[in-house]
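# let's see this in three dimensions:
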Amino acid sequence: MVNRLRSSKLWLVLIAALALSPAAARADAPSPVHGASMYGDLKYGSDFTHFDYANPDAPRGGTLALSAVGSFDNLNPYILKGTPASGVTLIFETLMTGSADEPFSEYGLIAEGMQMPEDRSWVIFTLHPDARWHDGRPITVDDVIWSLETLKTKGHPFYRAYYANISKVEEVGERQVKMTFEEGQINRELPLIAGQMPVLPKHYYEQVPFDQTTLQPPLGSGPYRIKSLEPGRSITLERVPDYWGADLPVNRGRYNYDEVRYEYFRDNNVALEAFKAGVYDFRAENESKLWATAYTGRPFDAGLIVKEEIPHERGTGMQGFVFNTRRELFQDPKVRAALSYAFDFEWTNANLFYGQYTRTGSYFSNSELAATGLPSEAELALLEPYRDQLPEEVFAAEYQPPATDGSGNSRANLRTALQLLREAGWAVQDGKLRDASGRPFAFEILLVSPAFERITGPFVQNLRRLGIDARVRTVDTAQYQNRLDGFDFDIVVASWGQSQSPGNEQRDFWSTAAADIPGSRNLAGIKDPVVDALIDKIIQAPTREDLVTATRALDRVLLWGHYVIPHWHIRVERVAYWNKFSRPDITPRLGLDLFAWWIDPAKVAVLQRRGTEGDGARAATGD
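From the prediction side, this is the model:
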């Protein structure tokens, strides 16, 4: 009898253990999938072999030489300290990786697949059995758990906000890690955010401090590793010959270069001349004057360098003069609105930009997410509860930045500006704009690029016509970044890129919580409960339609808050490259993928032959 009872108890214990085991707990769990999207179907099925914009038969070899302006003092891109070297993220990998021809989809990388319930309240990632660090050790669940906890506590402040809703991470099976999200949060994006997490080697950082700058090449798992570097001057990465993920569908046909080298230049103009001399291979141009006037000469005439405009369908976001509302001077939105009348975009575009740009009128420009016309009924449903906290214009007018006739005569706009400043308590006394206590209106515009001085100059002249003492200061890259991280500026030029599926990153851009976190992207210092509420609506949107509605509502509130004097955008990528490359016939919708290009030996031979024939430039040979 005793033995029978003992047997029964043992049997009950075994049943309980099985019931609580990870395998049993997941018996009714959703089936594993190879990828996930924010809304709708994935473009690529579980049997896909490569992205459409990659050529699986592309030849491999040669060196891709690129440029960077400034300097670097750090090889850890995941902390706030220091300036990370360009290209260093090629060393590391994430759990999942995105497709460049879908709004927001991810496919397996370090994780071969994922599971999540309909409500997306948690996600389980199953690590690929072949995933390896460059030292040959397997990537483990322990690495994933350590990476998340470290990024949230010691990483760049961005990660603290981005992963804030991941409340729990745990091992639930062999090669399986589960991330559970905060209760009460409807957030379809969270499994995808979790999939974007870089995975770092715990065993390496047990020997090396994670939160300190370093020039010691770190251990990674990606397609490249650091071969050599000259601190602050250049960095060369080499393709890992036995890279574990080379034949994954997301990688096939990509990372075709044996080496990737970044050459650093102190000045953009010097960098351009170095490009034309063949010091590096590929250049994306963001200065309209240079694009219109400087890409000329024998290498272009002889076909050694290709100059091309490649259309894209990605959102162009917002760039502008950004007010630091932490400064008392810029806390009144009427003052901020007034100063926007001193910027003459139409004259600037015609005389400085060769007519290449379109004025930006949205934080989500060039996408369906941009607010247009008056608010829709669905937008009003979100905005009406906050009517007494919002400007009436949010409900009654479509935002349009101040415009001129382009003649350079902006008197009408300056009169409007002066009237707004008077309403805000400012008046001109002895040619200077002063407040009621006699304090002059004075501030500094902080720049990092000398090229922006010619654009800022006319703006400053108009401000001076209003009696404002505006000064321009251009500093080096390191000082500029330090001042941005510490919000030590009055006005800066900044930009926010936007995806077709905005989400948690909006907290880092605009939320009250981010306003006081050093290094956050909330440069304007926005602290608005309405903005916070609308960000939550975006993050929790159950459908694409709800996401678009909430984003448009947020766009209106930000625009009528006058936190930025909007600049301009362009819907093509302006690129020039030495004619040594071939690329797939398909260019991804969200912009070119240079790592899906390859060096064409036949084109290299032509460059070498023409170079020896004296075509006026040293050909980039791809050696």
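# show me where the stretch 201-350 of the chain has helices.
Residue ranges of the helices in the stretch 201-350 of the chain, as given by DSSP state H, counting those that start in this stretch, are 202-205, 268-276, 288-293, 298-301, 333-340, 345-351.
# can you lay out those helices as TSV showing distance to residue 538 and mean pLDDT?
C-beta coordinates here come from the backbone N, C-alpha and C atoms, glycine included. What follows is the helices of the stretch 201-350 of the chain, written out as TSV (distance: least, CB to CB, whole Å; pLDDT from 0 to 100):
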stretch	distance to residue 538	mean pLDDT
helix 202-205	34	98
helix 268-276	35	95
helix 288-293	33	92
helix 298-301	45	92
helix 333-340	22	98
helix 345-351	28	96
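# determine which stretch of those helices is the most buried.
Mean neighbours per residue, mean count of other CB atoms under 10 Å, is largest over the helices of the stretch 201-350 of the chain for helix 333-340, with a mean of 21.
# which outside residues touch it?
Around helix 333-340, the neighbours that count as contacts under CB atoms under 8 Å, 6 or more residues apart in numbering are 323, 325, 329-330, 391, 401-402, 416-418, 420-421, 423-424, 426, 463, 468, 561-563, 565.
# figure out which of the helices of the stretch 201-350 of the chain is closest to residue 230.
helix 268-276 (15.4 Å; CB to CB).
# which elements pack onto the closest one?
Under the contact criterion of 3 or more CB pairs under 8 Å, 6 or more residues apart in numbering; DSSP states H and E, helix 268-276 touches strand 63-69, strand 259-265, strand 282-284.
# so for the last one, mean pLDDT?
Put plainly, it is strand 282-284. Confidence over strand 282-284, taken as the mean pLDDT, stands at 97.
# that strand pairs with which strands?
According to DSSP bridges, the neighbouring strands of strand 282-284, each with its direction, are strand 572-578 (antiparallel).
# the strand it pairs with: which residues count as buried?
For strand 572-578, the buried set under the neighbour-count rule, 16 or more other CB atoms under 10 Å, comprises 573, 574, 575, 576, 577, 578.
# residues near residue 63, how many?
Neighbours of residue 63 under the rule other CB atoms under 10 Å: 18.
# thinking again about what came up before, tell me which of the helices and strands packed on helix 268-276 lies nearest to residue 130.
Taking CB to CB, strand 259-265 is the member of the helices and strands packed on helix 268-276 nearest to residue 130, at 23.5 Å.
# which strands or helices does that closest one pack on?
Taking 3+ CB pairs under 8 Å, 6+ apart as the contact definition, the neighbouring helices and strands of strand 259-265 are strand 63-69, strand 234-239, helix 268-276.
# relative to residue 603, which of the ones you listed is closest?
Ranking these by distance to residue 603, with CB to CB as the measure, places strand 63-69 first at 13.8 Å.
# related to what we said a few turns ago, and which of the buried residues of strand 572-578 is nearest to residue 592?
Within these, the smallest distance to residue 592 is 6.2 Å, found for residue 573 (CB to CB).
# now the residue nearest to that closest one when sequence neighbours are not counted: how far from residue 31?
With CB to CB, 6 or more residues apart in numbering as the measure, residue 310 is the residue that lies nearest to residue 573, at 4.6 Å, once sequence neighbours are left out. Here residue 310 is placed at a distance of 39 Å from residue 31 (CB to CB, to the nearest Å).
# who's more crowded, these two?
The residue with the greater number of neighbours, taking residue 310 and residue 31 and applying other CB under 10 Å, is residue 310; the counts read 12 against 6.
# so what's the more buried one up against?
For residue 310, the set of contacting residues under the criterion of CB under 8 Å, 6+ apart consists of 572, 573, 575, 587, 591, 592.
# can you check residue 51 too?
Counting by CB under 8 Å, 6+ apart, residue 51 touches 44, 99, 100, 101, 249, 250, 253, 254, 588, 596.
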